[in-house]
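Student: Model the structure of this input:
(chains A and B)
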Amino acid sequence: MERFDLLRGEEYVEEWPRHSPQDTRRREATILAAKLCMNAAFTAPVAGGVSQVGAHLVYGQEELEKVALKMEELAYLNAAWKKRFLNEAVMVRESDVILFLGNNRAHETPLDADCGLCGGSQGCSFLYERRETKGGLIDITDKRSSTPIKGPLCACRVNDLGYAWGSAVWMAQSLLVDAKPFMSVGLAGQKLGYCPKAAIVIGIPMATLAKNSYQDINIDYHLVNMDKMIDSTRKNFSVTRQTASGINFDYRVQFPKKGKEE
Amino acid sequence: MRLDGKQAAREAVLEVTKLAAAAAYRSPQLTGVLEIQTEIITDDDLDPLIELAGSIAPISPVMAFDYETMKYFREKRAPLVCLLIGAKLDRSELAWDCGACGFESCATFNQWAKDNGSMGALWGGPSCHWKMMDWAAACDYACAAANQYRMDSRPMATIGAVCASVGYMPDCTARTAVLIGPPGELIYFSRKQNRDSSPLEKHKQSFLKSSPIHWLAFPGGSNPVVKTKDDWWENKEYIKLEQLSEAEMQFVNETMSKVTEVALKHIPNITSWYTLEK
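Tutor: Got it, this is the predicted structure:
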């Protein structure tokens, strides 16, 4: 048998029902695109061309749900987060894949260039004086923190993370894949252990659906969204089919009477 | 109609830069609240930047590197355009209280910024890390847009700082200069235009000082010889840690005085643009 004979087959693809085989095939292509976005992030311009980005790809119904639940949990820790986090958790549930990008150097191996982005004229002393250090080396073993992210971080390194996710989203846009970078998704991912070496993480959910999952978000989206609507239909239709006419019919022999005018 | 292709390519640099600026405004944001500023600097207006970069170059190899590149293109009258992208990052209305900046809350960050905010070597600080990444993504989008047209670009913190020094974008705390063009193959990598200013010996010295461990002889004696030449065992040389000498410090101070002098010469003209604008 010629080896090219193995390259045969057919795949039916549709975005509905969610997580059906035909939808899963579609998602597979989004994951492929996400991998290209991830590599685009690795090639983004960074200070000195120093490798510092870590990436984590997360997909699958249960995995995405876990991230969404963590975002909902975090939403109630800060009044300023609540709306964003709740809305964005819905977007995560609608996504095919999340690309997490983190900076692995911002807390431990700063640029050390006195650039001023973190503390102005104080230069790197701003960071070193606020961190546990010994002989100019930063000790990050103590993970305790009164804030969600333990700072200060090297702003120049974090700036580089901006270039990285910028390139990832640019690539997504070029591939006509819907994607949006979120602080909320990144923070939830970080708390769940994704990008384990990173000091700060951004989450980029991606999807290839007819309707962009990250735009045209209505008010109280966490209450009024596709999943909730579908669930309402399921809930109400079951009742309605029994009670709409105030009577249950035996479909084999009984039909509702037509109106007089008919 | 006939067009000279080389001339057309030269003219395209400015057009691509305008599209790069448009892309910067199209970049996605984490915060949704950052307003970036952009300006395009070309032709004679590049000269003050080159002059100031040249005045810092003697004490900053990184600046020297970018200065030599700009100077070379300018002297050749090659089309080089600077897209300056700035943002004000030292205030946060987000109230996310994330702690990444090192402060307990956005309120304490804002207060500290108000009391202590200042300019560092390249940028001002402190900076809200989320806004900062939005600004970075805008710079990234500008570069990516230029790349779509196969026009090489380089985001330069050095030239952004130079722009700040001569008065560009006074309302911003951070500025990055994205240099675009001239058309050519990977002009910001393997910078052959810098060859004259970076002789082999300088290159060797730079590597030796930056990564001495690569040239260390047996380190067991705790004061290893550094292999600085082929016959390194003759007239051995060792690493010696010391502060800059008085003469070296004086050179730094004198250079910085010249930098200030150059900046003061150009600030009135450059900042008058903003005054007129208002």
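
Student: Taking the stretch 1-150 of chain A, what residue is nearest to chain B?
Tutor: Proximity of the stretch 1-150 of chain A to chain B (Cβ to the nearest Cβ) peaks at A:G116, 1.1 Å away. Yep, even glycine has a C-beta here, placed from its N, CA and C like the rest.

Student: Not counting its neighbours along the chain, what's nearest B:G181?
Tutor: Of all residues not flanking B:G181 in the chain, B:V13 sits nearest, at 3.5 Å (Cβ to Cβ, 6 or more residues apart in numbering or on different chains).

Student: residues in contact with the one you found?
Tutor: B:P79, B:L80, B:V81, B:M151, B:I180, B:G181, B:P182, B:P183 (Cβ atoms under 8 Å, 6 or more residues apart in numbering or on different chains).

Student: Looking at these, which is nearest B:E51?
Tutor: B:L80 (14.9 Å; Cβ to Cβ).

Student: What ranges does the stretch 1-150 of chain B have for its helices?
Tutor: B:5-26, B:47-56, B:61-75, B:106-116, B:129-148 (DSSP state H, counting those that start in this stretch).

Student: Pull the number of nearby residues for the residue in chain B positioned nearest to chain A.
Tutor: Closest contact between chain B and chain A, by Cβ to the nearest Cβ, is at B:G120 (1.1 Å). When counting by other Cβ atoms under 10 Å in any protein chain shown, one arrives at 25 neighbours for B:G120.

Student: That one and B:Q37, how far apart?
Tutor: Distance, B:G120 to B:Q37, using Cβ to Cβ, to the nearest Å: 19 Å.

Student: Could you do A:Q61 as well?
Tutor: The gap separating A:Q61 from B:Q37 is 43 Å, by Cβ to Cβ.

Student: out of these two, which sits in the busier spot?
Tutor: The residue with more neighbours, out of A:Q61 and B:Q37, is B:Q37; 17 against 12, by other Cβ under 10 Å.

Student: For that one, list the residues it contacts.
Tutor: Residues counted as contacts of B:Q37 (Cβ under 8 Å, 6+ apart) are B:I85, B:G86, B:A87, B:M169, B:D171, B:C172.

Student: Mind checking which of the residues you listed are in strands?
Tutor: With DSSP state E as the criterion, strands contain B:I85, B:G86, B:A87 from among those.

Student: Next, the angle helix B:129-148 makes with the helix or strand harbouring A:V201.
Tutor: Assigned by DSSP states H and E, A:V201 belongs to strand A:200-207. For strand A:200-207 against helix B:129-148, the angle by axes from the mean of the first three to the mean of the last three Cα atoms, to 10 degrees is 50 degrees.

Student: Contacts (any at all) between chain B and strand A:200-207?
Tutor: Yes: using Cβ under 8 Å from any Cβ of the partner chain, strand A:200-207 reaches chain B at A:I200, A:I202.

Student: tell me which strands and helices that strand is in contact with?
Tutor: helix A:21-42, helix A:79-93, strand A:97-103, helix A:155-174, strand A:178-179, helix A:183-191 (3 or more Cβ pairs under 8 Å, 6 or more residues apart in numbering or on different chains; DSSP states H and E).

Student: For stretch B:154-172, buried residues please.
Tutor: Using 16 or more other Cβ atoms under 10 Å in any protein chain shown as the test for burial, stretch B:154-172 gives B:154-169, B:172.

Student: Next: stretch B:174-190.
Tutor: Neighbour-count burial for stretch B:174-190 flags B:A174, B:R175, B:T176, B:A177, B:V178, B:L179, B:I180, B:G181, B:P182, B:P183, B:I187, B:Y188 (criterion: 16+ other Cβ under 10 Å).

Student: For the stretch 101-250 of chain A, give me the ranges with low pLDDT.
Tutor: Applying pLDDT under 70 to the stretch 101-250 of chain A flags the ranges A:244-248.

Student: what's the domain layout of chain B?
Tutor: Domain segmentation of chain B under automatic domain parsing yields B:5-195, B:200-241.

Student: what about A:T243, how many neighbours?
Tutor: If you count neighbours by other Cβ under 10 Å, A:T243 ends up with 10.

Student: By average pLDDT, which secondary structure element in chain B comes out worst?
Tutor: Here the helix or strand of chain B ranked lowest by mean pLDDT, DSSP states H and E is helix B:200-210, holding a mean of 88.

Student: Touching it from outside, list them.
Tutor: Taking Cβ under 8 Å, 6+ apart as the rule, helix B:200-210 contacts B:P61, B:H214, B:W215, B:V226, B:T228.

Student: let's see 7 Å
Tutor: B:W215, B:V226, B:T228 (Cβ atoms under 7 Å, 6 or more residues apart in numbering or on different chains).

Student: Need the pLDDT of the residue nearest to the first one when sequence neighbours are not counted.
Tutor: Using Cβ to Cβ, 6+ apart and skipping residues adjacent in sequence, the residue nearest B:W215 is B:K227, 4.5 Å away. We have a pLDDT of 95 for B:K227.

Student: In TSV: the helices and strands packed on strand A:200-207, plus distance to chain B.
Tutor: Listed next are the helices and strands packed on strand A:200-207 as TSV, based on distance: least, Cβ to the nearest Cβ, whole Å:
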stretch	distance to chain B
helix A:21-42	9
helix A:79-93	4
strand A:97-103	10
helix A:155-174	3
strand A:178-179	8
helix A:183-191	5
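
Student: At the geometric centre of chain A, which residue do we find?
Tutor: With distances taken as Cα atoms, centre = their mean, A:P205 lies nearest the centre of chain A, 3.3 Å away.

Student: what's across from that residue in the sheet?
Tutor: Note on A:P205: beta-bridge partners A:I98, judged by DSSP bridges.

Student: is it true that it touches A:E94?
Tutor: No: with contact defined as Cβ atoms under 7 Å, A:P205 does not reach A:E94; the gap is 8.1 Å.

Student: re the thing from before, mind listing what the residue of the stretch 1-150 of chain A closest to chain B touches?
Tutor: By Cβ under 7 Å, 6+ apart, A:G116 lies in contact with A:G123, B:M119, B:G120, B:A121, B:L122, B:W123, B:G124, B:G125.

Student: run the last query once more with 6 Å
Tutor: Residues near A:G116 by Cβ atoms under 6 Å, 6 or more residues apart in numbering or on different chains: B:G120, B:A121, B:L122, B:W123, B:G125.

Student: coming back round to it: mind checking how far the residue nearest to B:G181 is from B:A53?
Tutor: If you measure B:V13 against B:A53 using Cβ to Cβ, the figure is 20 Å.

Student: for B:K240, same thing?
Tutor: 32 Å.

Student: Looking at these two, which has the bigger crowd around it?
Tutor: Neighbour comparison, B:K240 and B:A53: the larger count goes to B:A53, with 28 against 6 (by other Cβ under 10 Å).

Student: Nearest spatial neighbour of the more buried one, chain-adjacent residues omitted?
Tutor: Closest residue in space to B:A53, ignoring its immediate chain neighbours: B:Y67 at 3.8 Å, by Cβ to Cβ, 6+ apart.

Student: can I assume that neighbour is in contact with B:G54?
Tutor: Yes: B:Y67 is in contact with B:G54 according to Cβ atoms under 6 Å; the separation is 5.2 Å.

Student: Compare those two and say which is more crowded by neighbours.
Tutor: A direct count of neighbours by other Cβ under 10 Å for B:Y67 and B:G54 places B:Y67 higher, at 25 against 19.

Student: Neighbours of residue 147, how many?
Tutor: I went with chain A, as the question did not name one. Counted with other Cβ under 10 Å, A:T147 comes out at 16.

Student: wait, I meant chain B there
Tutor: Here the number of neighbours of B:N147 (other Cβ under 10 Å) works out to 16.
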